[in-house]
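A.B. asks: missing the sequence, but the structure's below:
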């Protein structure tokens with residue numbers, strides 16, 4: 001069984017459960033592309049939770065908007 005954890009605070013969510021507490025979870029991707037001359041990072045957030053994509057490369061998960069905002073602030077590129 002896969003356990004999903006918030007990438008900011010470590011809160012846990014069990015897959016295939018749609019309780020009220022789990023409706024606020026946010027899913028996205030944090031991808032890094034590197035070439036000899038360029039390093040590029042892209043953070044994309046999905047509009048809807050997609051259970052089929054929870055384990056894809058670069059997948060990120062947040063239990064709340066506050067955790068998402070904290071993650072984005074800590075990973076901002078200057």
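C.D. replies: It's in. Just so we're clear, the structure is a prediction, and the values are computed from it rather than from any experiment.
A.B. asks: From now on I want contacts and neighbour counts done on CA atoms only, so please keep to that.
C.D. replies: Fine.
A.B. asks: need the helix or strand of the chain with the lowest average pLDDT.
C.D. replies: The helix or strand of the chain with the poorest confidence is strand 12-13; it has a mean of 88 (mean pLDDT, DSSP states H and E).
A.B. asks: Quickly run through the sheet partners of that one, with directions.
C.D. replies: With DSSP bridges as the test, strand 12-13 is paired with strand 4-5 (antiparallel).
A.B. asks: which residues are contacting the strand it pairs with?
C.D. replies: Residues outside strand 4-5 that contact it (CA atoms under 8 Å, 6 or more residues apart in numbering): 11, 12, 13, 14, 15, 54, 61, 62.
A.B. asks: Report the contact partners of the first one.
C.D. replies: Read that as residue 11. The contact partners of residue 11, taken as CA under 8 Å, 6+ apart, are 5, 63.
A.B. asks: cool, and the fourth one?
C.D. replies: Residues in contact with residue 14, defined by CA under 8 Å, 6+ apart, are 2, 3, 4.
A.B. asks: make it 7 Å
C.D. replies: By CA atoms under 7 Å, 6 or more residues apart in numbering, the contact set of residue 14 is 3, 4.
A.B. asks: Tell me which stretches of this structure form strands.
C.D. replies: Residue ranges of the strands in the chain, as given by DSSP state E, are 4-5, 12-13, 26-34, 39-45, 59-62.
A.B. asks: Make JSON lines out of those and add mean neighbour count and distance to residue 75.
C.D. replies: Below are the strands of the chain laid out as JSON lines (neighbours: other CA atoms under 10 Å; distance: least, CA to CA, whole Å):
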{"stretch": "strand 4-5", "mean neighbour count": "17", "distance to residue 75": "18"}
{"stretch": "strand 12-13", "mean neighbour count": "17", "distance to residue 75": "21"}
{"stretch": "strand 26-34", "mean neighbour count": "16", "distance to residue 75": "10"}
{"stretch": "strand 39-45", "mean neighbour count": "13", "distance to residue 75": "9"}
{"stretch": "strand 59-62", "mean neighbour count": "22", "distance to residue 75": "13"}
